[in-house]
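> I'd like to go over a predicted model; first the sequence, then the structure.
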2 protein chains.
Amino acid sequence: MTDHAPLELEHFLPYRLSILSNRVSQAIARAYQDRFDLPMTEWRVIAVLARYDGHGLSAREVAGHTEMDKVAVSRALTRLVAAKRVARRTHDGDKRRSVLRLTAAGWKIHDAVAPLARAHERKMLAALSAEERRALKGILDKLAPVSEKD
Amino acid sequence: MTDHAPLELEHFLPYRLSILSNRVSQAIARAYQDRFDLPMTEWRVIAVLARYDGHGLSAREVAGHTEMDKVAVSRALTRLVAAKRVARRTHDGDKRRSVLRLTAAGWKIHDAVAPLARAHERKMLAALSAEERRALKGILDKLAPVSEKD
DNA sequence: AAATTATGGTTTCATTTGCAACCAGTTGCA
DNA sequence: TGCAACTGGTTGCAAATGAAACCATAATTT
(Lines give C-alpha, C1' and ligand atoms only; values in the text may rest on other atoms or scores of the structure.)
Protein backbone atom coordinates (compact mmCIF):
# COMPACT_ATOMS: atom_id res chain seq x y z
CA MET A 1 0.00 0.00 0.00
CA THR A 2 1.48 3.26 -1.13
CA ASP A 3 1.70 6.28 1.10
CA HIS A 4 -1.09 8.54 0.02
CA ALA A 5 -0.43 11.22 2.64
CA PRO A 6 -4.10 11.95 3.12
CA LEU A 7 -5.01 15.48 3.92
CA GLU A 8 -6.55 16.01 7.32
CA LEU A 9 -9.41 18.24 6.48
CA GLU A 10 -10.10 19.33 10.02
CA HIS A 11 -6.65 20.82 10.36
CA PHE A 12 -6.59 22.38 6.95
CA LEU A 13 -6.67 26.15 7.26
CA PRO A 14 -8.83 27.06 4.28
CA TYR A 15 -11.33 24.43 5.29
CA ARG A 16 -11.51 25.59 8.90
CA LEU A 17 -11.86 29.15 7.77
CA SER A 18 -14.65 28.25 5.45
CA ILE A 19 -16.57 26.27 8.05
CA LEU A 20 -16.20 28.97 10.66
CA SER A 21 -17.14 31.77 8.34
CA ASN A 22 -20.13 29.93 6.95
CA ARG A 23 -21.48 29.15 10.38
CA VAL A 24 -21.07 32.68 11.60
CA SER A 25 -22.52 34.20 8.46
CA GLN A 26 -25.44 31.88 8.49
CA ALA A 27 -26.26 32.54 12.11
CA ILE A 28 -26.19 36.27 11.52
CA ALA A 29 -28.03 36.01 8.23
CA ARG A 30 -30.82 34.09 9.84
CA ALA A 31 -31.14 36.64 12.62
CA TYR A 32 -31.50 39.56 10.21
CA GLN A 33 -33.72 37.63 7.89
CA ASP A 34 -36.12 36.50 10.57
CA ARG A 35 -36.47 39.80 12.33
CA PHE A 36 -36.28 42.28 9.48
CA ASP A 37 -36.72 40.29 6.29
CA LEU A 38 -33.27 41.56 5.44
CA PRO A 39 -30.80 39.32 3.63
CA MET A 40 -27.08 39.80 4.35
CA THR A 41 -26.50 41.41 0.98
CA GLU A 42 -29.08 44.07 1.69
CA TRP A 43 -27.74 44.63 5.15
CA ARG A 44 -24.31 45.25 3.72
CA VAL A 45 -25.66 47.79 1.31
CA ILE A 46 -27.47 49.55 4.11
CA ALA A 47 -24.35 49.50 6.25
CA VAL A 48 -22.21 51.25 3.65
CA LEU A 49 -24.90 53.74 2.77
CA ALA A 50 -25.10 54.57 6.46
CA ARG A 51 -21.38 54.81 6.76
CA TYR A 52 -20.96 57.14 3.81
CA ASP A 53 -24.02 59.12 4.64
CA GLY A 54 -24.43 62.25 2.61
CA HIS A 55 -22.10 61.13 -0.10
CA GLY A 56 -24.91 59.87 -2.29
CA LEU A 57 -23.02 56.80 -3.33
CA SER A 58 -23.51 55.13 -6.69
CA ALA A 59 -24.17 51.41 -7.00
CA ARG A 60 -20.64 50.95 -8.26
CA GLU A 61 -19.25 52.53 -5.14
CA VAL A 62 -21.47 50.43 -2.96
CA ALA A 63 -20.15 47.37 -4.76
CA GLY A 64 -16.61 48.49 -4.04
CA HIS A 65 -17.21 48.99 -0.35
CA THR A 66 -19.15 45.77 0.14
CA GLU A 67 -17.00 43.51 -2.03
CA MET A 68 -20.16 42.43 -3.75
CA ASP A 69 -20.31 42.32 -7.51
CA LYS A 70 -22.48 44.77 -9.32
CA VAL A 71 -25.16 42.25 -10.15
CA ALA A 72 -25.63 41.41 -6.50
CA VAL A 73 -25.77 45.06 -5.62
CA SER A 74 -28.28 45.74 -8.34
CA ARG A 75 -30.55 43.00 -7.06
CA ALA A 76 -30.22 44.09 -3.46
CA LEU A 77 -31.05 47.64 -4.47
CA THR A 78 -34.10 46.57 -6.42
CA ARG A 79 -35.56 45.14 -3.23
CA LEU A 80 -34.35 47.90 -0.96
CA VAL A 81 -35.82 50.57 -3.19
CA ALA A 82 -39.08 48.65 -3.52
CA ALA A 83 -39.25 48.43 0.26
CA LYS A 84 -38.52 52.15 0.44
CA ARG A 85 -35.51 51.56 2.58
CA VAL A 86 -33.29 53.25 0.02
CA ALA A 87 -34.04 56.21 -2.22
CA ARG A 88 -32.59 56.06 -5.70
CA ARG A 89 -32.17 59.16 -7.80
CA THR A 90 -30.23 59.78 -10.96
CA HIS A 91 -26.97 61.64 -10.93
CA ASP A 92 -27.30 65.14 -12.31
CA GLY A 93 -24.21 65.21 -14.47
CA ASP A 94 -24.27 61.54 -15.45
CA LYS A 95 -27.53 59.82 -16.17
CA ARG A 96 -26.00 56.37 -15.87
CA ARG A 97 -25.09 56.77 -12.23
CA SER A 98 -27.58 56.36 -9.48
CA VAL A 99 -27.44 58.39 -6.31
CA LEU A 100 -28.35 56.34 -3.30
CA ARG A 101 -29.49 57.39 0.12
CA LEU A 102 -31.09 55.68 3.06
CA THR A 103 -34.65 56.70 3.72
CA ALA A 104 -35.98 57.17 7.23
CA ALA A 105 -37.09 53.54 7.11
CA GLY A 106 -33.61 52.55 5.99
CA TRP A 107 -32.07 54.37 8.91
CA LYS A 108 -34.49 52.74 11.26
CA ILE A 109 -33.41 49.32 10.08
CA HIS A 110 -29.81 50.33 10.32
CA ASP A 111 -30.16 51.59 13.86
CA ALA A 112 -31.89 48.38 14.86
CA VAL A 113 -29.51 46.00 13.15
CA ALA A 114 -26.17 47.64 13.88
CA PRO A 115 -26.30 46.90 17.62
CA LEU A 116 -27.29 43.34 16.85
CA ALA A 117 -24.29 43.00 14.61
CA ARG A 118 -22.01 44.47 17.20
CA ALA A 119 -23.41 42.14 19.82
CA HIS A 120 -22.66 39.20 17.61
CA GLU A 121 -19.11 40.32 17.10
CA ARG A 122 -18.67 40.88 20.82
CA LYS A 123 -19.89 37.38 21.50
CA MET A 124 -17.23 35.99 19.20
CA LEU A 125 -14.50 38.18 20.57
CA ALA A 126 -15.48 37.26 24.09
CA ALA A 127 -14.16 33.77 23.43
CA LEU A 128 -10.68 35.21 22.91
CA SER A 129 -8.09 36.74 25.17
CA ALA A 130 -6.99 40.32 24.69
CA GLU A 131 -3.81 39.22 22.94
CA GLU A 132 -5.70 36.84 20.72
CA ARG A 133 -8.03 39.61 19.70
CA ARG A 134 -5.11 41.79 18.79
CA ALA A 135 -3.38 38.94 17.01
CA LEU A 136 -6.49 38.16 15.03
CA LYS A 137 -6.72 41.68 13.67
CA GLY A 138 -3.11 41.52 12.57
CA ILE A 139 -3.60 38.12 11.03
CA LEU A 140 -6.60 39.22 9.04
CA ASP A 141 -4.72 42.26 7.83
CA LYS A 142 -1.93 40.05 6.60
CA LEU A 143 -4.08 37.39 5.03
CA ALA A 144 -6.41 39.72 3.20
CA PRO A 145 -3.83 40.83 0.62
CA VAL A 146 -2.70 37.25 0.00
CA SER A 147 -6.18 36.32 -1.10
CA GLU A 148 -6.70 39.35 -3.29
CA LYS A 149 -7.90 38.97 -6.84
CA ASP A 150 -5.11 39.51 -9.37
CA MET B 1 -28.89 64.96 12.92
CA THR B 2 -29.01 61.99 15.25
CA ASP B 3 -26.01 59.85 15.99
CA HIS B 4 -26.52 56.71 13.99
CA ALA B 5 -23.26 55.05 15.00
CA PRO B 6 -22.75 53.49 11.60
CA LEU B 7 -21.07 50.15 11.51
CA GLU B 8 -17.72 50.10 9.78
CA LEU B 9 -18.03 47.03 7.68
CA GLU B 10 -14.36 46.74 6.90
CA HIS B 11 -13.50 46.35 10.57
CA PHE B 12 -16.36 44.07 11.38
CA LEU B 13 -15.05 40.62 12.22
CA PRO B 14 -17.77 38.44 10.69
CA TYR B 15 -17.58 40.47 7.51
CA ARG B 16 -13.83 40.25 7.24
CA LEU B 17 -13.95 36.55 7.93
CA SER B 18 -16.53 36.05 5.26
CA ILE B 19 -14.65 38.02 2.64
CA LEU B 20 -11.39 36.26 3.39
CA SER B 21 -12.90 32.82 3.45
CA ASN B 22 -14.85 33.36 0.26
CA ARG B 23 -11.83 34.60 -1.61
CA VAL B 24 -9.67 31.74 -0.45
CA SER B 25 -12.31 29.13 -1.12
CA GLN B 26 -13.03 30.51 -4.51
CA ALA B 27 -9.40 30.59 -5.52
CA ILE B 28 -8.95 27.00 -4.47
CA ALA B 29 -12.24 25.91 -5.95
CA ARG B 30 -11.32 27.37 -9.29
CA ALA B 31 -7.97 25.60 -9.26
CA TYR B 32 -9.51 22.20 -8.63
CA GLN B 33 -12.35 22.80 -10.99
CA ASP B 34 -10.17 23.89 -13.87
CA ARG B 35 -7.59 21.16 -13.57
CA PHE B 36 -9.66 18.21 -12.48
CA ASP B 37 -13.27 19.13 -13.04
CA LEU B 38 -13.62 18.67 -9.31
CA PRO B 39 -15.87 20.97 -7.29
CA MET B 40 -14.89 21.67 -3.69
CA THR B 41 -17.69 19.50 -2.35
CA GLU B 42 -16.39 16.50 -4.25
CA TRP B 43 -12.85 17.22 -3.19
CA ARG B 44 -13.94 17.21 0.41
CA VAL B 45 -15.63 13.89 0.00
CA ILE B 46 -12.52 12.46 -1.61
CA ALA B 47 -10.37 13.88 1.15
CA VAL B 48 -12.31 12.19 3.93
CA LEU B 49 -12.59 8.92 2.06
CA ALA B 50 -8.83 9.02 1.66
CA ARG B 51 -8.34 9.88 5.27
CA TYR B 52 -10.53 7.09 6.57
CA ASP B 53 -9.32 4.63 4.02
CA GLY B 54 -10.45 1.08 4.62
CA HIS B 55 -13.27 2.09 6.89
CA GLY B 56 -15.83 1.93 4.11
CA LEU B 57 -17.58 5.07 5.30
CA SER B 58 -21.27 5.67 4.77
CA ALA B 59 -22.60 8.86 3.24
CA ARG B 60 -23.79 9.93 6.67
CA GLU B 61 -20.31 9.59 8.07
CA VAL B 62 -18.86 11.51 5.16
CA ALA B 63 -21.34 14.26 5.87
CA GLY B 64 -20.24 14.35 9.48
CA HIS B 65 -16.57 14.64 8.63
CA THR B 66 -17.02 17.24 5.91
CA GLU B 67 -19.63 19.38 7.65
CA MET B 68 -21.68 19.10 4.51
CA ASP B 69 -25.34 18.26 4.76
CA LYS B 70 -26.52 14.94 3.49
CA VAL B 71 -28.07 16.33 0.38
CA ALA B 72 -24.81 17.89 -0.70
CA VAL B 73 -22.99 14.66 -0.02
CA SER B 74 -25.53 12.68 -1.94
CA ARG B 75 -25.13 14.92 -4.96
CA ALA B 76 -21.37 14.91 -4.78
CA LEU B 77 -21.41 11.12 -4.59
CA THR B 78 -23.69 10.82 -7.58
CA ARG B 79 -21.08 12.54 -9.69
CA LEU B 80 -18.10 10.88 -8.09
CA VAL B 81 -19.58 7.43 -8.60
CA ALA B 82 -20.55 8.25 -12.19
CA ALA B 83 -16.96 9.37 -12.81
CA LYS B 84 -15.78 6.14 -11.21
CA ARG B 85 -13.77 8.04 -8.69
CA VAL B 86 -15.69 6.44 -5.85
CA ALA B 87 -17.08 2.92 -5.59
CA ARG B 88 -20.42 2.58 -3.84
CA ARG B 89 -21.58 -0.71 -2.44
CA THR B 90 -24.40 -1.53 -0.09
CA HIS B 91 -23.75 -2.38 3.51
CA ASP B 92 -24.16 -6.07 4.24
CA GLY B 93 -26.11 -5.84 7.45
CA ASP B 94 -28.04 -2.68 6.60
CA LYS B 95 -29.29 -2.15 3.09
CA ARG B 96 -29.87 1.55 3.65
CA ARG B 97 -26.23 2.35 4.26
CA SER B 98 -23.78 2.72 1.44
CA VAL B 99 -20.19 1.64 1.76
CA LEU B 100 -17.87 4.05 0.03
CA ARG B 101 -14.35 3.65 -1.18
CA LEU B 102 -12.03 5.53 -3.45
CA THR B 103 -11.26 3.78 -6.69
CA ALA B 104 -7.80 3.86 -8.24
CA ALA B 105 -8.94 6.91 -10.20
CA GLY B 106 -10.14 8.49 -6.98
CA TRP B 107 -6.80 7.95 -5.35
CA LYS B 108 -5.05 9.41 -8.33
CA ILE B 109 -7.07 12.58 -8.02
CA HIS B 110 -6.43 12.67 -4.33
CA ASP B 111 -2.71 12.29 -4.74
CA ALA B 112 -2.66 15.06 -7.31
CA VAL B 113 -4.87 17.48 -5.43
CA ALA B 114 -3.60 17.02 -1.88
CA PRO B 115 -0.22 18.64 -2.60
CA LEU B 116 -1.95 21.50 -4.36
CA ALA B 117 -4.10 22.03 -1.31
CA ARG B 118 -1.11 21.96 0.98
CA ALA B 119 0.71 24.41 -1.23
CA HIS B 120 -2.19 26.77 -1.01
CA GLU B 121 -2.22 26.55 2.74
CA ARG B 122 1.52 27.11 2.88
CA LYS B 123 1.16 30.20 0.79
CA MET B 124 -1.32 31.62 3.25
CA LEU B 125 0.71 30.68 6.28
CA ALA B 126 3.80 32.16 4.70
CA ALA B 127 2.27 35.60 5.17
CA LEU B 128 2.29 35.05 8.93
CA SER B 129 4.98 34.93 11.55
CA ALA B 130 5.54 31.78 13.57
CA GLU B 131 3.67 33.22 16.53
CA GLU B 132 0.84 34.35 14.37
CA ARG B 133 0.52 30.88 12.92
CA ARG B 134 0.37 29.43 16.39
CA ALA B 135 -2.06 32.09 17.54
CA LEU B 136 -4.31 31.48 14.57
CA LYS B 137 -4.68 27.81 15.39
CA GLY B 138 -5.65 28.63 18.93
CA ILE B 139 -8.06 31.29 17.79
CA LEU B 140 -9.79 28.94 15.38
CA ASP B 141 -10.05 26.34 18.10
CA LYS B 142 -11.73 28.83 20.37
CA LEU B 143 -14.04 30.32 17.79
CA ALA B 144 -15.27 27.06 16.34
CA PRO B 145 -17.36 26.10 19.38
CA VAL B 146 -18.86 29.58 19.64
CA SER B 147 -20.30 29.23 16.19
CA GLU B 148 -21.63 25.73 16.70
CA LYS B 149 -25.20 24.90 15.87
CA ASP B 150 -27.38 24.57 18.96
C1' DA C 1 -19.67 65.44 -35.15
C1' DA C 2 -19.48 60.41 -36.30
C1' DA C 3 -17.76 56.35 -35.02
C1' DT C 4 -15.47 53.63 -31.37
C1' DT C 5 -14.73 52.36 -26.93
C1' DA C 6 -15.76 52.37 -22.09
C1' DT C 7 -18.81 52.59 -18.00
C1' DG C 8 -23.05 52.19 -14.80
C1' DG C 9 -26.50 49.32 -14.25
C1' DT C 10 -30.04 45.66 -15.43
C1' DT C 11 -31.63 41.38 -17.46
C1' DT C 12 -31.27 36.65 -18.76
C1' DC C 13 -29.91 32.06 -18.28
C1' DA C 14 -27.50 28.24 -16.28
C1' DT C 15 -25.71 26.36 -12.07
C1' DT C 16 -25.57 25.86 -7.16
C1' DT C 17 -27.64 25.49 -2.74
C1' DG C 18 -31.04 24.62 0.94
C1' DC C 19 -35.19 22.69 2.49
C1' DA C 20 -39.03 19.76 2.73
C1' DA C 21 -41.06 15.80 1.21
C1' DC C 22 -40.20 11.36 0.15
C1' DC C 23 -38.82 6.17 -0.29
C1' DA C 24 -36.80 2.19 1.47
C1' DG C 25 -35.14 -0.26 5.05
C1' DT C 26 -34.59 -0.84 10.19
C1' DT C 27 -35.59 -0.62 15.09
C1' DG C 28 -38.56 -0.58 19.15
C1' DC C 29 -42.36 -2.06 21.29
C1' DA C 30 -47.34 -3.45 22.03
C1' DT D 1 -46.17 -10.47 14.31
C1' DG D 2 -47.56 -5.88 13.23
C1' DC D 3 -47.52 -1.06 13.69
C1' DA D 4 -45.24 3.32 14.89
C1' DA D 5 -41.15 5.86 15.03
C1' DC D 6 -36.57 6.49 13.16
C1' DT D 7 -32.59 6.55 9.96
C1' DG D 8 -29.83 6.56 5.42
C1' DG D 9 -30.23 8.38 1.29
C1' DT D 10 -32.53 10.58 -2.91
C1' DT D 11 -35.57 13.69 -5.34
C1' DG D 12 -37.96 17.94 -6.53
C1' DC D 13 -38.76 22.62 -6.03
C1' DA D 14 -37.71 27.34 -4.80
C1' DA D 15 -34.43 30.75 -3.76
C1' DA D 16 -29.46 32.47 -4.14
C1' DT D 17 -25.37 33.17 -7.09
C1' DG D 18 -22.45 33.86 -11.13
C1' DA D 19 -21.29 34.80 -15.85
C1' DA D 20 -22.38 36.80 -20.15
C1' DA D 21 -25.14 39.52 -22.97
C1' DC D 22 -27.39 43.70 -23.04
C1' DC D 23 -29.09 48.83 -22.83
C1' DA D 24 -28.33 53.46 -22.14
C1' DT D 25 -25.22 57.11 -21.49
C1' DA D 26 -20.52 59.09 -21.48
C1' DA D 27 -15.84 59.66 -22.91
C1' DT D 28 -12.42 59.26 -26.61
C1' DT D 29 -10.70 59.18 -31.12
C1' DT D 30 -10.54 60.61 -35.83
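Perfect, I can see it now.

> And the strands in chain A?
Using DSSP state E, the strands found in chain A span residues A:86-90, A:98-102.

> tell me the mean pLDDT for the last one?
For strand A:98-102, mean pLDDT is 95.

> Enumerate the positions of that strand that are buried.
By 16 or more other C-beta atoms under 10 Å in any protein chain shown, the buried positions in strand A:98-102 come out as A:Ser98, A:Val99, A:Leu100, A:Arg101, A:Leu102. Just so you know, the C-beta spots here come from the backbone N, C-alpha and C atoms, and that holds for glycine as well.

> same deal with stretch A:80-92?
Those would be A:Leu80, A:Val81, A:Arg85, A:Val86, A:Ala87, for stretch A:80-92 by 16+ other C-beta under 10 Å.

> Could you check how far the last one is from A:Leu100?
What that stands for is A:Ala87. To A:Leu100, A:Ala87 is 7 Å away according to C-beta to C-beta, to the nearest Å.

> Ok, the fourth one next?
Counting by C-beta to C-beta, the gap from A:Val86 to A:Leu100 is 6 Å.

> residues touching A:Asn22, list them.
B:Ser21 (C-beta atoms under 8 Å, 6 or more residues apart in numbering or on different chains).

> if we can go back for a sec, tell me which of the strands of chain A approaches B:His4 most closely.
Closest to B:His4 of the strands of chain A, according to C-beta to C-beta: strand A:98-102, at 9.0 Å.

> Next, the angle from that closest one to strand A:86-90.
160 degrees (axes from the mean of the first three to the mean of the last three C-alpha atoms, to 10 degrees).

> Nearest the geometric middle of chain A, what residue?
A:Arg44 (4.5 Å; C-alpha atoms, centre = their mean).

> Quick check: that residue vs A:Asn22, distance?
In terms of C-beta to C-beta, A:Arg44 sits 16 Å off from A:Asn22.

> Kindly give the local confidence score, pLDDT, for the closest residue to A:Val81 other than its chain neighbours.
Nearest non-adjacent residue to A:Val81, counting by C-beta to C-beta, 6 or more residues apart in numbering or on different chains: A:Arg88, 5.0 Å away. A:Arg88 is assigned a pLDDT of 94 by the prediction.

> follow-up on the earlier one: now the strands of chain A in TSV, with distance to DNA strand C?
Shown next, in TSV, are these (distance: least, C-beta to the nearest atom of the strand, whole Å):
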stretch	distance to DNA strand C
strand A:86-90	7
strand A:98-102	4
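
> shaky segments in chain A?
A:1-3, A:148-150 (pLDDT under 70).

> Pull up the residues of it that are close to DNA strand D.
A:Pro39, A:Thr41, A:Asp69, A:Val71, A:Ala72, A:Arg75, A:Gly93, A:Asp94, A:Lys95, A:Arg96 (C-beta under 7 Å from any atom of the strand).

> Please report phi then psi for the first one.
The reference is to A:Pro39. Reported as degrees, to the nearest 10, the phi and psi values for A:Pro39 are phi -70, psi 150.

> what bridges to the residue nearest to A:Val81?
A:Leu100 (DSSP bridges).

> Show me the helices in chain A, by range?
For chain A, applying DSSP state H gives helices covering A:13-36, A:40-51, A:59-66, A:70-82, A:104-125, A:130-146.

> Does the fourth one reach DNA strand C?
It stands for helix A:70-82. Yes - counting by C-beta under 7 Å from any atom of the strand, DNA strand C has neighbours in helix A:70-82: A:Lys70, A:Val71, A:Val73, A:Ser74, A:Arg75, A:Leu77, A:Thr78.

> can you list the residues of chain A near DNA strand C?
Proximity of chain A to DNA strand C, by C-beta under 7 Å from any atom of the strand, involves residues A:58-61, A:70-71, A:73-75, A:77-78, A:88, A:94, A:96-98.

> 10 Å instead, please
A:22, A:26, A:29-30, A:57-64, A:69-78, A:81, A:88, A:90-91, A:94-100 (C-beta under 10 Å from any atom of the strand).

> Give me the buried subset of those.
By 16+ other C-beta under 10 Å, these give A:22, A:29, A:57-59, A:61-63, A:72-73, A:76-77, A:81, A:97-100 as buried.
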